[in-house]
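Sequence below, structure please.
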Amino acid sequence: MRSNDLLTIGEVSARTGVSVSALHFYERHGLITSTRSAGNQRRFSRHMLRRISLILVAKRLGIPLAEVAEAFASLPAEAEPSSEDWRRVSRAWKVRLEERRAAIESLERELVGCIGCGCLSMRSCDLLNPGDALGAEGSGPRRVAPALRHALDDDAAAPS
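Numbers count the residues shown, from 1 in each chain. Below is the predicted model:
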């Protein structure tokens with residue numbers, strides 16, 4: 001590798017917009033690698049810019065760094081990954097993103113139903129009260145603080 005193919009940590013930071021401390025973090029966690037110069041300074045291969053860009057995209061998509069590390073483990077660290085390597089990683093992430101989208105849509109449907117009825121103890125509430133567990137505790141708002149619940153119970157027991 002030619003010396004002009006290597007970038008200093010400052011150059012990598014400037015090119016990617018990622019702070020030096022974040023680059024150190026990524027390196028400690030095996031997401032990127034560097035070599036050392038004769039003066040013991042970090043030098044990064046140019047292809048690390050692509051890895052760092054992918055880390056930034058993954059963060060924006062909500063992909064945890066542990067999953068990024070898992071994907072990068074299958075990529076060569078010492079050479080630029082091939083187009084097929086990147087396609088393989090992107091296919092795996094696409095599947096994970098589709099699974100997350102389905103889970104979010106399901107949660108959204110459950111929340112719309114829950115917001116619509118406003119209950120915490122009806123038998124139909126599977127989100128906050130699966131199996132109507134709160135119904136066994138009695139009527140009324142069971143998740144209210146105990147002191148307030150006792151006050152509500154006392155008010156309900158008082159003659160009108």
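
How is residue 44 assigned, secondary-structure-wise?
strand (DSSP: H, G, I helix; E, B strand; the rest coil).

mean confidence for the helix or strand containing residue 101?
Element membership for residue 101, per DSSP states H and E: helix 83-117. What helix 83-117 shows for mean pLDDT is 79.

Who are the packing partners of it?
On a contact count with 3 or more CB pairs under 8 Å, 6 or more residues apart in numbering; DSSP states H and E, helix 83-117 meets helix 65-72. Where you see a C-beta, it was placed from the backbone N, CA and C, and this is true even at glycine.

Name the residues of the helix it packs on that are buried.
Neighbour counts over helix 65-72 (16 or more other CB atoms under 10 Å) mark 68, 71, 72 as buried.

List the contacts of it.
29, 30, 31, 51, 54, 55, 58, 59, 89, 92, 93, 96 (CB atoms under 8 Å, 6 or more residues apart in numbering).

switch to 6 Å and redo it
Helix 65-72 is contacted from outside by 30, 31, 55, 58, 89, using CB atoms under 6 Å, 6 or more residues apart in numbering.

Just put the buried residues of helix 65-72 in TSV and tack on pLDDT and distance to residue 10.
As requested, the buried residues of helix 65-72 are arranged in TSV below (pLDDT from 0 to 100; distance: CB to CB, whole Å):
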residue	pLDDT	distance to residue 10
68	89	23
71	85	27
72	86	23
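
domain assignment for the protein?
3-105, 119-160 (automatic domain parsing).
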